[in-house]
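One predicted model, sequence on top.
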Amino acid sequence: MNPVRKRRLIITLLIVAAVAVAAGISVFALQQNMTYLYSPSEVDAGKAPANARFRLGGIVEEGSVRRVPDTLTTDFTVTDRFRDTKVQYTGILPDLFRQGQSVVTTGSMHGGVFVATQVLAKHHATYMPPEVARAIAKAKAMESKDGTRDPGPGTRKSSTAGSQ
């Protein structure tokens, strides 16, 4: 191999290696900032990360919203109509936040309670975030695969707080 070809080969290999290193660093950095959406059924099944940030999507259970007096702390329950997850949020809730509405919360699990750092509420009576709709459909499919009967509207199985 003549010296010119050898030099070109070395330069090409160095460029390919640099691009590979840059791509690897980019993918690693992006994975650190990704937050995946889980339904309460998936959280109850242990699919959500134990000590990492993730998004919890579902419907605010009717009658579950409790505001702590003289603070901005609100406790409520998010459900996918099969399982429930208790949520605690400190801050100003969106104007559209109310019982029976779809929400997506960002935070992490602490002692069986999802501590939210952000709460997003839906904007229209017939709108459901696509991620929440998929998570609820997946929970329904999981329930059907388990061979258990669909509890139907108005009834659901409750998750245990100590399972996390």
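Ah, there it is.

T74 against V65, yeah?
Yes. Checked against CB atoms under 8 Å, the pair T74 and V65 is within contact range at 6.5 Å. For every residue, glycine as well, the C-beta is placed using N, CA and C.

When those two are compared, which one has more neighbours?
More neighbours surround T74 than the other of T74 and V65, with 19 against 16 (other CB atoms under 10 Å).

what bridges to that one?
T74 forms beta bridges with R67, Y89, as assigned by DSSP bridges.

and it, what is it in contact with?
For T74, the residues meeting the contact criterion (CB atoms under 8 Å, 6 or more residues apart in numbering) are V65, R66, R67, V68, Q88, Y89, T90, L93.

and with 7 Å instead?
Contacts here follow CB atoms under 7 Å, 6 or more residues apart in numbering; on that basis T74 touches V65, R67, Y89, L93.

export the residues you listed to JSON lines and tack on distance to Y38 and pLDDT?
Below are the contacts of T74 laid out as JSON lines (distance: CB to CB, whole Å; pLDDT from 0 to 100):
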{"residue": "V65", "distance to Y38": "21", "pLDDT": "93"}
{"residue": "R67", "distance to Y38": "25", "pLDDT": "92"}
{"residue": "Y89", "distance to Y38": "17", "pLDDT": "95"}
{"residue": "L93", "distance to Y38": "21", "pLDDT": "91"}
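
among these, who's most crowded?
Y89 (21 neighbours).

what's the weakest-modelled helix or strand in the chain?
Each helix and strand of the chain was given a mean pLDDT (mean pLDDT, DSSP states H and E); the minimum falls on helix 130-145 at a mean of 78.

hmm, back to that, between the contacts of T74, which is nearest N2?
Proximity of the contacts of T74 to N2 was ranked by CB to CB; the top entry is Y89 with 68.8 Å.

I'd guessed the closest one sits against A116; true?
Yes. Between Y89 and A116 a contact is recorded at 4.2 Å, counting by CB atoms under 7 Å.

shared neighbours of these two, which are they?
Contacts common to Y89 and A116, judged by CB under 7 Å, 6+ apart, are T105.

tally of neighbours for the nearest residue to E131 once chain neighbours are set aside?
The spatial neighbour of E131 that comes closest, neighbours along the chain excluded (CB to CB, 6 or more residues apart in numbering), is L37 at 4.4 Å. Around L37 there are 20 other residues, counting by other CB under 10 Å.
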